[in-house]
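Colleague: quick one, what's the 3D model for this:
(2 chains)
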Number of protein chains: 2
Amino acid sequence: MHSLILHIKNYIPVEDEEYESILQFFDTAELKKRDTILIEGQICKANYFIVKGCLRMFFINEKGVEQTTQFAIENWWISDNLSLLTQKPTAFHIQAVEKSEVLSIGNSSYQKLIQLHPSIESYFRMMHQRALGAAQYRMKYQHGMSREEIYRFFANSFPEFIQRIPQYLLASYLGFTPEYLSELRKKKIS
Amino acid sequence: MHSLILHIKNYIPVEDEEYESILQFFDTAELKKRDTILIEGQICKANYFIVKGCLRMFFINEKGVEQTTQFAIENWWISDNLSLLTQKPTAFHIQAVEKSEVLSIGNSSYQKLIQLHPSIESYFRMMHQRALGAAQYRMKYQHGMSREEIYRFFANSFPEFIQRIPQYLLASYLGFTPEYLSELRKKKIS
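Modeller: Down below sits the predicted model:
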């Protein structure tokens, strides 16, 4: 069974005969490492589901440095939700961190999908609500923890990320210098 | 017309005869300044729509200091979305900043509401998606701006907040000391 269908079935009931009809509204893309699917200034055209691989969202700060704000691995969705919803230009880039396969769905396909399968709206409502909830907790950690505590929390909560994400990207996400992250890692070993 | 109905009608069509039937699923609460509707350790029971007034979400850090992560004024929703969705205990408090009136809807009323009015699911999907999108941009500002830039951005984007929110709460939200915020304000005047 397709991983998107398996994921949807975690949240809402889906009949066997609906699978193909749901999947036809999504486009598949194979991405090479560093392929970019959204560039600052563009209008975000779709919401992306990661079938395989890893994507990241980043922006370029005033000094020209890339700062990562979000990663997405298998079974996660990634998009600039404000640009997608309002059709205004994005301030972000979305790029493959490794060779990846994604499904994408734009606004007009989304409208057709929920017309045919109204219960899918519940699935997306829960996906957005869950991601919003995670963002609320992330604000708490950023406010309330030292940089070292954030790293420890992150390493305990998402060990698979720590193994998988290149160290300089992880540093950019956590707001560390690569040198500081390397020090923290050494501390853990010793 | 009730402000919630007006708000919903900005996003989806609602027939005149549906108004009363929709509103009956919501409970109304009048809150005094500092009334608390969610306390750390509780399970978040509802999503709250602000009819009048202002609420804030905060947590208490290791030093016992309250740190505000979010405000909500008229026509905004506030909740611990992760606790509401998963029915696990919250790490947050939600409190009235001033005398307020809110509508609330819990999970079981929500399920009954969308059974009777399925299109309301679209409204909530968009509310969560919009709030998620705003949180994505907030991460960008927190990463990429100096504290003074964040204040200027905030003051330009939400002038009504700056007038309305007590200065010590605004400082707590922005991660400033009240003294630093006071300095920034003086700078603007001079």
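Colleague: for A:I114, which non-adjacent residue is spatially closest?
Modeller: Distances taken as CB to CB, 6 or more residues apart in numbering or on different chains place A:E121 nearest to A:I114, at 4.8 Å, with adjacent residues excluded. Bear in mind the C-beta positions are built from the backbone N, C-alpha and C, glycine included.
Colleague: same check on A:Q70?
Modeller: What sits nearest to A:Q70 in space, not counting adjacent residues and going by CB to CB, 6+ apart, is A:M57, at 4.1 Å.
Colleague: so that neighbour touches A:T69, yeah?
Modeller: Yes - between A:M57 and A:T69 a contact is recorded at 5.4 Å, counting by CB atoms under 8 Å.
Colleague: need the overlap of contacts for the two.
Modeller: Common neighbours of A:M57 and A:T69 are listed as A:F92, B:Q136 (criterion: CB atoms under 8 Å, 6 or more residues apart in numbering or on different chains).
Colleague: is the lowest-mean-pLDDT helix or strand in chain A positioned near chain B?
Modeller: Least confident helix or strand, chain A: helix A:178-189 with a mean of 80, by mean pLDDT, DSSP states H and E. No - counting by CB under 8 Å from any CB of the partner chain, chain B has no neighbours in helix A:178-189; the shortest distance is 15.6 Å.
Colleague: so where do the helices sit in chain A?
Modeller: Shown for chain A, the helices assigned by DSSP state H span residues A:3-9, A:19-23, A:81-86, A:107-116, A:120-144, A:147-157, A:159-164, A:167-174, A:178-189.
Colleague: and those as TSV, adding mean neighbour count and distance to B:T86?
Modeller: Output for the helices of chain A, formatted as TSV (neighbours: other CB atoms under 10 Å in any protein chain shown; distance: least, CB to CB, whole Å):
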stretch	mean neighbour count	distance to B:T86
helix A:3-9	16	17
helix A:19-23	14	25
helix A:81-86	20	21
helix A:107-116	14	24
helix A:120-144	20	8
helix A:147-157	14	15
helix A:159-164	12	21
helix A:167-174	18	24
helix A:178-189	12	30
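Colleague: which of the ones you listed has the lowest average pLDDT?
Modeller: If you rank these by mean pLDDT, helix A:178-189 sits at the bottom with a mean of 80.
Colleague: got the CA coordinates for that helix in CSV?
Modeller: Taking C-alpha atoms only, helix A:178-189 is exported to CSV below (Å, rounded to 0.1, in the frame of the first residue of the first chain):
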residue,chain,number,x,y,z
PRO,A,178,29.1,24.0,13.2
GLU,A,179,32.1,24.2,15.7
TYR,A,180,29.7,24.6,18.7
LEU,A,181,27.7,21.6,17.6
SER,A,182,30.8,19.6,17.2
GLU,A,183,31.9,20.5,20.7
LEU,A,184,28.4,19.4,22.1
ARG,A,185,28.7,16.0,20.3
LYS,A,186,32.2,15.4,21.7
LYS,A,187,30.9,16.2,25.2
LYS,A,188,28.2,13.5,24.8
ILE,A,189,30.8,10.9,23.8
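Colleague: burial measure for A:L31, as a count.
Modeller: Residues lying near A:L31 (other CB atoms under 10 Å in any protein chain shown) number 21.
Colleague: can you check the pLDDT for the closest residue to it other than its chain neighbours?
Modeller: The spatial neighbour of A:L31 that comes closest, neighbours along the chain excluded (CB to CB, 6+ apart), is A:A96 at 4.0 Å. The score at A:A96 is 98. That number is its pLDDT.
Colleague: return the residues in contact with A:A96.
Modeller: The neighbourhood of A:A96, defined by CB under 8 Å, 6+ apart, consists of A:L31, A:K32, A:K33, A:R34, A:D35, A:T36, A:I37, A:G53, A:C54, A:L55.
Colleague: nearest to chain B, of these?
Modeller: The shortest approach to chain B among these belongs to A:L55, at 13.9 Å (CB to the nearest CB).
Colleague: touching, the closest one and A:K99? I think so.
Modeller: No - because the distance of 11.2 Å does not satisfy CB under 8 Å, A:L55 is recorded as not touching A:K99.
Colleague: these two: who's more crowded?
Modeller: With neighbours defined as other CB under 10 Å, A:L55 and A:K99 compare such that A:L55 has more, 24 against 14.
Colleague: got the residues of chain A near chain B?
Modeller: For chain A, the residues found near chain B under the criterion CB under 8 Å from any CB are A:57, A:59, A:61-62, A:67, A:69-70, A:80-85, A:91-92, A:114, A:118, A:121-122, A:124-126, A:128-140, A:142-144, A:175.
Colleague: isn't A:L31 up against A:V97?
Modeller: No - here A:L31 lies out of contact with A:V97, judged by CB under 8 Å, at a distance of 9.7 Å.
Colleague: list the residues that contact both of these two?
Modeller: Common contact partners of A:L31 and A:V97 (CB under 8 Å, 6+ apart): A:G53, A:L55.
Colleague: hang on, the earlier thing: quick check: bridge partners of the residue nearest to A:Q70?
Modeller: A:Q70, A:I94 (DSSP bridges).
Colleague: quickly note the distance from it to A:W77.
Modeller: Spatial separation of A:M57 from A:W77 under the definition CB to CB, to the nearest Å is 11 Å.
Colleague: check A:K88 too.
Modeller: Distance of A:K88 to A:W77, given as CB to CB: 20 Å.
Colleague: returning to that earlier point: and for the residue nearest to A:Q70, the neighbour number?
Modeller: The number of residues packed around A:M57, counting by other CB under 10 Å, is 23.
Colleague: quick one on the thing from earlier: would you check that the residue nearest to A:I114 makes contact with A:Q111?
Modeller: No - between A:E121 and A:Q111 there is no contact under CB under 8 Å: 10.3 Å.
Colleague: which residue is the nearest non-sequential neighbour of A:M1?
Modeller: Distances taken as CB to CB, 6+ apart place A:Y19 nearest to A:M1, at 7.2 Å, with adjacent residues excluded.
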